[in-house]
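Trainee: Show me the folded form of this:
(3 chains)
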Amino acid sequence: MSEAALLVLAALVTLAGMVAFALALPTHWAQVAGARAPLSPPRQRWLRQAGALALAASLALCLAADHPSMAVLVWVMLLAVSATGVAMWLSRRPA
Amino acid sequence: MNATAAPSTAHVIGRIAASLLGGYAFTWGVTTLGITGLVALGVDYHEAHTVLMLLAFLVFLAVFLWAFAARSLTRVWGVLGLGGAGMTGAAWLLQQQLI
Amino acid sequence: MLSNFRLSMTWLHTWFGLVLGFVLVVVFFFGSLSVFDREFDRWAIPETRFEPQPMPSFDQVLLPILQRVEPDEVDYAANMPLLHDSAQGPMTPRLQLPADEFWAYTTHRDPVLAMGVGFRVPQPKDPLGHNHIHGDTTIDPRDGTMLREGQQKIGSEFFYPLHYSLHLEWKFIGFWIVALAALTMLAMLITGLVMHRKVFAELFTFRPGKNPRRSLLDLHNLTGVVALPFHFFFAFTGLVIFAAFYYLPVSDTLLRPLAQAHAVAEAAATGLPHERAGVAAPLASVDAMVVEAKRRWDARGMPGQVGFLQVHHVGDANSYVSIYRAGSDRVALVGQAVHFKGSTGEVLREEPAPTVPHGIEEFLTGLHLQHFEHWLLRWLYVFGGLLGCVCIATGFLFFVEKRKRQHAQQGVAGSRVVDALAVSTVTGMLIATAAILIANRVLPAELADKGWWERLAFWLAWLLAAAHAFWRSAPVAQARPSPAWREQCWAIAALCPLAVLLNWATTGDHLGKTLFSYWPVAGVDLALLATAGLAAWAARRLARRERATLATAPAAPTAHRTAEEAAHV
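Mentor: Prediction:
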């Protein structure tokens, strides 16, 4: 896989991970699922684990794309972009 | 100094001076004593210098925050000012032994 | 200082953040522009709009040029009297200073090559010191022609030094102010964490629909936390980079004897002579040395191009040539130097792999100085830097929002002044940036010292923006928004596209062409257009909010205050 393709995939996977972490927070879960289905502890755990797995996977993808010293920086910055993106998306939904 | 009342302007200026000037003096002391100390232990000068350049601003940051967190301004001046001067003096003495 | 730890840290965050924030936002913004400094250079100097070139032949192209470079007049006038020992005789005339050091530098982003000469002061006051008068030039590596004098590289020679020294050179005071701002940044991050207890629970929280104080605080927290490692490491590494030379120059002061002893021992150990021998000797083929250096890098599994080349003790028997590899494929800077004996071309020393402390330092400084070739990471850096600007700007806005009603009632001008300063800094710096780019296109290329006029345009535009900001700030004293924000946003929305149009008009390079053939210029034009779009959107939202504020009666202190907000000083 080319470097560019790996990085695009890493970005998408990081975003998915951040979405999972956000939905693991009751306030944001409620924004997406509504008041009908409150966030159950098992689901919260699952979301957090999925999020962690996604972030680990995106780190692996970054390391596959570049020299380790650069890969780590790319990954840290992707975390920032993804978290910001998720926050902006959630800010458009009713509180 | 009564720590529960709002601090006077003079006190605030004193804190800021202590955090910056005292902090700088302390950092200078740690840096020079750190380098000469490591060299005395057999570390190459260049290595010792690099290590301390990396640590110096973490030290400055820590004492800078402490200068505002500490209750007694007198203690802050004592530790940072005297400590800095003391360490610098010790570094100079140690250097005399090394060259 | 105050009755508990959290209150003291809050005080520190508020007041140091406010005062140093004005410097920090400038550092962050021009630092973000500096990620693409060489691309701005291409935009500003159209004759350099060609593809990056590898370093050309030293023997055929660079050496003849280096032998024609003269010591800079300004440098000579300023520094020769300081370096020359008048007890030993009259000052050597500028054009008779002997060359002591040659250097040449190239990066994967630079079409042009920077090079220069360090001229020796024959009778120095301090023989152990670095006694050089400099002469620099920039050339087109394809044919060796020098760049016309007086043309300023707006990116690498203006925006970039602005971010680390504010262009305040007197006694390096600008460096110290930026250092204080950097230390403050580190303190702001720590104190911010102390204040913001729900870091994880509120990681994704941004409520634009709530009252301004809440939305601003949300955005301030968000932009500070999500990029916290970035903000911390940039401030920290910025300090580390200049530590040895400016902030903690221990090797030149208290520990000079120890440092000198080491330098002498190192020279003996490495075989790289510290002093001239005083015996003349010719220079062997440097091209052959380059070939050997590349062969050795390849053998170590790191093939590469020459990034930096230096000839020490020019013309002397002790002359040696240091050839450094361009660090484009990793974070650490140029390194893996190979040193050659100048007169014979034999290898004197191949730098070993760095020790752990040096490796860490190389990584940290390389992370900040960005010699690497990775376009995504560069854009991510710009994003991080702009996030930092938003963090600081929302800090100012929150400060004003929190106090303006109280100040309006008490007749205190504090909020008004802070708001005017915020406009002057935030939108003001954007206006000044557009102004310098416009001036660059409007002023003729042949203008002597064109760079001076461009800088004048920059500072004048900024001054005008500040004057406008203060002039229009009266409503803040009545707890209403200042129209200066909206008006300066409109100015940005007009000036940025004007710069793009002028680029087209004066060079023929428009986006339709550059998007497919020359990304550096397309990138700058696109960034200008995006900025204009954002500014126009902001201006319209601000207009809507101003109309809404005029329509409703001045609000009583909001009922939405949380315990956390109340805790803020």
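Trainee: packing partners for the lowest-mean-pLDDT helix or strand in chain A?
Mentor: Every helix and strand of chain A was ranked by mean pLDDT, DSSP states H and E. The lowest is helix A:26-33, at a mean of 90. Here helix A:26-33 touches helix A:3-23, going by 3 or more Cβ pairs under 8 Å, 6 or more residues apart in numbering or on different chains; DSSP states H and E. Bear in mind the C-beta positions are built from the backbone N, C-alpha and C, glycine included.
Trainee: Number of residues surrounding the residue in chain B that chain C sits nearest to?
Mentor: Nearest residue of chain B to chain C (Cβ to the nearest Cβ) works out as B:Tyr45 at 3.8 Å. By other Cβ atoms under 10 Å in any protein chain shown, the residues close to B:Tyr45 number 22.
Trainee: hang on, the earlier thing: what's the least confident helix or strand of chain A in contact with?
Mentor: With Cβ atoms under 8 Å, 6 or more residues apart in numbering or on different chains as the test, helix A:26-33 has contacts from A:Ala22, A:Leu23, A:Pro38, A:Leu39, A:Gln44, A:Leu90, A:Arg93, A:Pro94, A:Ala95, C:Ala201, C:Phe204, C:Thr205.
Trainee: And that helix, what's buried?
Mentor: Within helix A:26-33, the residues scored as buried using 16 or more other Cβ atoms under 10 Å in any protein chain shown are A:His28, A:Trp29, A:Ala30, A:Gln31.
Trainee: residue boundaries of the strands in the stretch 201-350 of chain C?
Mentor: With strands called from DSSP state E, counting those that start in this stretch, the stretch 201-350 of chain C shows them at C:306-312, C:320-325, C:335-341, C:347-350.
Trainee: C:Trp379 - that's part of a helix, no?
Mentor: Yes: if the criterion is DSSP: H, G, I helix; E, B strand; the rest coil, then C:Trp379 is within a helix.
Trainee: Poorly predicted segments of chain A, please.
Mentor: Along chain A, segments meeting pLDDT under 70 span A:95.
Trainee: residue contacts, the residue in chain A positioned nearest to chain B?
Mentor: Closest contact between chain A and chain B, by Cβ to the nearest Cβ, is at A:Ser69 (16.4 Å). Each residue near A:Ser69 by Cβ under 8 Å, 6+ apart is listed here: C:Arg330, C:Val331, C:Ala332, C:Phe363, C:Gly366.
Trainee: Any buried residues in whatever helix or strand the fourth one lives in, and which?
Mentor: Applying DSSP states H and E as the criterion places C:Phe363 in helix C:356-369. For helix C:356-369, a neighbour-count test (16+ other Cβ under 10 Å) marks C:Pro357, C:His358, C:Ile360, C:Glu361, C:Glu362, C:Phe363, C:Leu364, C:Thr365, C:Gly366, C:Leu367, C:His368, C:Leu369 as buried.
Trainee: right, quick check: that helix against chain B, any contact?
Mentor: Yes: contact of helix C:356-369 with chain B (Cβ under 8 Å from any Cβ of the partner chain) involves C:Pro357, C:His358, C:Ile360, C:Glu361, C:Leu364.
Trainee: Next, the nearest residue to C:Ser319 once chain neighbours are set aside: phi, psi?
Mentor: Excluding its sequence neighbours, the residue lying closest to C:Ser319 (Cβ to Cβ, 6 or more residues apart in numbering or on different chains) is C:Gly342, at 3.0 Å. Dihedral angles of C:Gly342 (phi, psi; degrees, to the nearest 10) stand at phi -60, psi -40.
Trainee: burial count for C:Gly342?
Mentor: C:Gly342: 25 neighbours (other Cβ under 10 Å).
Trainee: can you pull the contacts of it?
Mentor: Contacts of C:Gly342 by Cβ under 8 Å, 6+ apart are C:Ala281, C:Leu283, C:Ala284, C:Val311, C:His312, C:His313, C:Asp316, C:Asn318, C:Ser319, C:Tyr320, C:Val321.
Trainee: and it, how far is that from chain B?
Mentor: Per Cβ to the nearest Cβ, to the nearest Å, C:Gly342 is found 24 Å from chain B.
Trainee: per-residue confidence at that residue?
Mentor: Looking at C:Gly342, its pLDDT reads 93.
Trainee: and the angle for whichever strand or helix holds A:Leu73 with helix C:356-369?
Mentor: Using DSSP H and E, A:Leu73 maps to helix A:68-91. Counting by axes from the mean of the first three to the mean of the last three Cα atoms, to 10 degrees, helix A:68-91 lies at 50 degrees to helix C:356-369.
Trainee: show me where the stretch 401-550 of chain C has helices.
Mentor: Ranges of helices within the stretch 401-550 of chain C are C:414-442, C:450-471, C:483-507, C:511-517, C:519-551, based on DSSP state H, counting those that start in this stretch.
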